[in-house]
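next come a sequence and a model predicted from it.
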Amino acid sequence: MLSYALTFAISCFALSLLLNLWRLASAPTSPDRILAVDTMVVNVIALVVLYSVLKGTELNFEAAMLFSMTGFVSTVAFCKYLLRRSIIE
């Protein structure tokens with residue numbers, strides 16, 4: 001029963017990732033694209049964690065942590081660039 005639920009959750013997050021990719025391609029402004037990329041990072045983290053739970057491994061949790069740190073830093077850098085046109089002050 002758990003494997004069916006995890007498979008369903010993985011397919012839902014994969015569909016969400018595809019919809020975010022479509023939003024990234026059709027977004028009218030740069031902040032919309034940044035939010036789409038940030039949401040894609042969250043979806044990738046969820047997919048990695050769900051796959052790790054499905055397979056019963058713990059190694060992928062470290063990869064999810066790296067994705068989350070990289071996604072946070074890139075979102076902050078993009079937003080800072082849009083606000084000030086400079087990342088380093």
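Now that the structure is in, tell me what you want to look at.

show me what counts as buried in the lowest-mean-pLDDT helix or strand in the chain.
Within the chain, no helix or strand scores below helix 59-84, which has a mean of 88 by mean pLDDT, DSSP states H and E. If you call a residue buried by 16 or more other C-beta atoms under 10 Å, then helix 59-84 has these buried ones: N60, A64, F67, G71, F78. Placement of C-beta: from N, CA and C, glycine included.

export those to CSV and tack on distance to I45?
Below are these laid out as CSV (distance: C-beta to C-beta, whole Å):
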residue, distance to I45
N60, 10
A64, 5
F67, 5
G71, 7
F78, 18
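
packing partners of the helix or strand harbouring L24?
Counting by DSSP states H and E, the element that carries L24 is helix 2-26. Using 3 or more C-beta pairs under 8 Å, 6 or more residues apart in numbering; DSSP states H and E, the elements in contact with helix 2-26 are helix 30-55.

report the buried residues of the helix it packs on.
Those buried within helix 30-55 under the rule 16+ other C-beta under 10 Å are 33-54.

off-centre distance for that helix?
Taking the mean of its C-alpha atoms, helix 30-55 sits 2 Å from the chain's own mean (C-alpha atoms, centre = their mean, to the nearest Å).

who are the packing partners of it?
Against helix 30-55 (3+ C-beta pairs under 8 Å, 6+ apart) you get helix 2-26, helix 59-84.
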